[in-house]
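J.: take this sequence and fold it.
(2 chains)
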2 protein chains.
Amino acid sequence: MASSKVTVTIIGFGAFGQLVARLLAPYARVSVHDRSAVAMEAASALGFDLVARIEDIRADVVILAVPLRAFDEVLRAIAPHLRPGQLVVDVCSVKEEPARLMSDLLPPHAEILACHPMFGPQSAKRGVENSQIVLCPLRGARWRGIARFLERVLKLEVIVTTPEDHDRQVAMTQGLTHLLAQVVASLGDRPAIRTRSFDLIAEGLALVANDAPEVFEAIARGNRHFAPMGERLVSAIRARI
Amino acid sequence: MASSKVTVTIIGFGAFGQLVARLLAPYARVSVHDRSAVAMEAASALGFDLVARIEDIRADVVILAVPLRAFDEVLRAIAPHLRPGQLVVDVCSVKEEPARLMSDLLPPHAEILACHPMFGPQSAKRGVENSQIVLCPLRGARWRGIARFLERVLKLEVIVTTPEDHDRQVAMTQGLTHLLAQVVASLGDRPAIRTRSFDLIAEGLALVANDAPEVFEAIARGNRHFAPMGERLVSAIRARI
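T.: Below is the predicted model:
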């Protein structure tokens, strides 16, 4: 992938889009589109090429780093302009809903890969090596090259599965983590008397505490396994208090 | 303390009593009493002196490392035999109830220190240095020497407070941790797809997962701030699912 200098356009230059841009910059020609002028200036200042109009995206790989609620609009905007063989990849924290939207709204000649990097701007500060990334191939075969790149170059652990299986599993891990981060924060300031166990948990929760509100929104509202996980949590707590 | 070779008898040679014995052995003459013959054999095999009958404890410091539910019985057994100036210390995970029992049942000539080491057999494997220990002095002044020893020799962070303040604070840290450990375990096996945040939390929960059931029993049943903390947790979860 590095030798052919694949072209990548990232739509959405928020915290996660910026992380993706930084990770791919050494290996691909990365350009950015964001509807916000401020975000575009930031991308330009960081040396990325800009694609001013969403209709003009010609990159080999188009990465959607936008909130779930903007998905429908962005997909409808890019769909009529995609070339045969262009690969569209999302990085949303849930997979069933984005997978359905991409399959429904993108033309049959576009390849589609639903994807969830299991790291965020906070945890990536220590490097992403050995972190997980989930791939749900939906259309086309180019994802295999992407998987090899992620595994061999970025040293990620690639997990290939279905959107359904992804959402069911992450409800119990990422969903639980984000829910606890919010819930524990709501209990008030951290007391002075603590255990190591508590400190480790607090460290884990701190990794997601500053994530964009859209992340929790996607996890909580976009994953149909989230509320049932919460209900099980409530029942398990009630049984012990 | 090391120079005068203070004598210490630990009542109860369970997981925590063994940890205390091991920590103090280099600095004090440690003996053990346990009503279980198997535990006494284990203590003897580890080279500790044994005190066969609970009436015969003559040590300068008597450490109660027994479950909260055995407190009443043990205190009544030792009370008539305590010498003036002997110091009785507990290591229970809650402080209000043991403090009340010790104050009520021990003779006025015995000194009393309620104490909670904020580490356990699992977390202590990495050493206890910089861990916290809470002291609630109830009677006498010998606790000041103990505090100096804990701080200067064992390098612990000593926190002096009241039993009430301790219980209120630890409900939000240790109570929360132990509750989550049980609750998360009840949700089933750890999924393959995880985040770093989740892994850190799981690591924190693992530190208490193997604690004796008596620890959770003391934290859950012996701390009047535990159930209200659980109720706040439930409300906070309900508000987000």
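J.: so where's chain A shaky on pLDDT?
T.: Within chain A, the segments meeting pLDDT under 70 span A:1-4.
J.: do a quick rundown of the helices in it.
T.: Taking DSSP state H as the test, the helices found in chain A are A:15-24, A:37-45, A:71-78, A:96-105, A:143-152, A:163-170, A:176-186, A:196-209, A:213-222, A:226-238.
J.: quick one, what contacts the most centrally placed residue in chain A?
T.: For chain A, the residue nearest the mean C-alpha position is A:Val91 (3.0 Å; Cα atoms, centre = their mean). Neighbour list for A:Val91: A:Phe16, A:Val20, A:Ile63, A:Leu64, A:Ala65, A:Cys115, A:His116, A:Pro117 [criterion: Cβ atoms under 8 Å, 6 or more residues apart in numbering or on different chains]. C-betas here are computed from N, CA, C, even on glycine.
J.: do the same with A:Ile201
T.: By Cβ under 8 Å, 6+ apart, A:Ile201 lies in contact with A:Val184, B:Thr177, B:Leu180, B:Leu200, B:Ile201, B:Gly204, B:Leu205.
J.: TSV for these, including distance to B:Ile159?
T.: Below are the contacts of A:Ile201 laid out as TSV (distance: Cβ to Cβ, whole Å):
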residue	distance to B:Ile159
A:Val184	21
B:Thr177	17
B:Leu180	23
B:Leu200	25
B:Ile201	25
B:Gly204	20
B:Leu205	24
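J.: which of those lies closest to A:Ile11?
T.: Of all the contacts of A:Ile201, the one with the least separation from A:Ile11 (Cβ to Cβ) is B:Leu200, at 31.3 Å.
J.: surely the closest one meets A:Ala202?
T.: No: counting by Cβ atoms under 8 Å, B:Leu200 stays clear of A:Ala202, with 9.1 Å between them.
J.: ok so, going back, chain B: which of the contacts of A:Val91 is nearest?
T.: A:His116 (8.1 Å; Cβ to the nearest Cβ).
J.: give me the beta-bridge partners of the closest one?
T.: Using DSSP bridges, the bridge partners assigned to A:His116 are A:Val134.
J.: tell me both backbone torsions, phi and psi, for A:Val51.
T.: phi -110, psi 110 (degrees, to the nearest 10).
J.: from chain B, how far off is it?
T.: From A:Val51 across to chain B, the span is 31 Å (Cβ to the nearest Cβ, to the nearest Å).
J.: how deep is the nearest residue to that residue once chain neighbours are set aside tucked in, by neighbour count?
T.: In space, and not counting its chain neighbours, A:Val51 is closest to A:His33: 4.3 Å by Cβ to Cβ, 6 or more residues apart in numbering or on different chains. A:His33 sits with 27 neighbouring residues when counted by other Cβ atoms under 10 Å in any protein chain shown.
J.: equivalent analysis for the one 3 residues further on, please.
T.: As a burial measure, the neighbour count of A:Ser36 was computed by other Cβ under 10 Å and equals 11.
J.: do the same with A:Asn130
T.: Neighbour number of A:Asn130 under other Cβ under 10 Å is 10.
J.: shouldn't it be in contact with A:Glu157?
T.: Yes: the pair A:Asn130 and A:Glu157 passes the contact test of Cβ under 8 Å, sitting 6.4 Å apart.
J.: you'd agree A:Gly204 is up against B:Arg194?
T.: No: A:Gly204 is not in contact with B:Arg194 according to Cβ under 8 Å; the separation is 11.0 Å.
J.: ok, those two, which is more surrounded?
T.: Neighbours per residue, other Cβ under 10 Å: of A:Gly204 and B:Arg194, the larger number sits with A:Gly204, 25 against 21.
J.: which residue sits closest to the more buried one, ignoring its sequence neighbours?
T.: Using Cβ to Cβ, 6+ apart and skipping the chain neighbours, the partner closest in space to A:Gly204 is B:Leu200 (3.2 Å).
J.: how close does that neighbour sit to B:Ala124?
T.: The spacing between B:Leu200 and B:Ala124, counted by Cβ to Cβ, to the nearest Å, is 20 Å.
J.: ok, and the most crowded of the contacts of A:Ile201?
T.: B:Ile201 (28 neighbours).
J.: roughly how far does that residue sit from A:Thr173?
T.: For B:Ile201, the distance to A:Thr173 - Cβ to Cβ - is 9 Å.
J.: which ones are touching the closest residue to A:Met229 other than its chain neighbours?
T.: Once flanking residues are discounted, A:Met229 sits nearest to A:Ala171: 4.6 Å by Cβ to Cβ, 6+ apart. By Cβ under 8 Å, 6+ apart, the residues touching A:Ala171 are A:Asn223, A:His225, A:Phe226, A:Pro228, A:Met229.
J.: most neighbours among the residues you listed, which one is it?
T.: A:Phe226 (26 neighbours).
J.: now A:Ala141: closest residue in space, sequence neighbours ignored.
T.: A:Ala141's closest residue in space is A:Glu111 (Cβ to Cβ, 6+ apart), at 7.6 Å.
J.: returning to that earlier point: nearest to B:Val153, of the helices of chain A?
T.: Closest to B:Val153 of the helices of chain A is helix A:196-209 (Cβ to Cβ; 20.1 Å).
J.: any chance of the contacts of A:Val91 in a markdown table with distance to B:Val8 as columns?
T.: Formatted as a markdown table, the contacts of A:Val91 follow (distance: Cβ to Cβ, whole Å):
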| residue | distance to B:Val8 |
| --- | --- |
| A:Phe16 | 56 |
| A:Val20 | 59 |
| A:Ile63 | 64 |
| A:Leu64 | 65 |
| A:Ala65 | 61 |
| A:Cys115 | 59 |
| A:His116 | 55 |
| A:Pro117 | 54 |
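J.: of those, closest to B:Pro213?
T.: A:His116 (38.0 Å).
J.: shouldn't that closest one be in contact with A:Thr173?
T.: No: the pair A:His116 / A:Thr173 is not scored as a contact, 11.4 Å apart, by Cβ under 8 Å.
J.: how many neighbours does A:Glu164 have?
T.: 14.
J.: if I look at it, how far off is A:Ala206?
T.: As defined by Cβ to Cβ, A:Glu164 lies at a distance of 31 Å from A:Ala206.
J.: equivalent analysis for A:Ile54, please.
T.: With Cβ to Cβ as the criterion, A:Ile54 and A:Ala206 are 35 Å apart.
J.: okay, these two: which has more neighbours?
T.: A direct count of neighbours by other Cβ under 10 Å for A:Ile54 and A:Ala206 places A:Ile54 higher, at 17 against 14.
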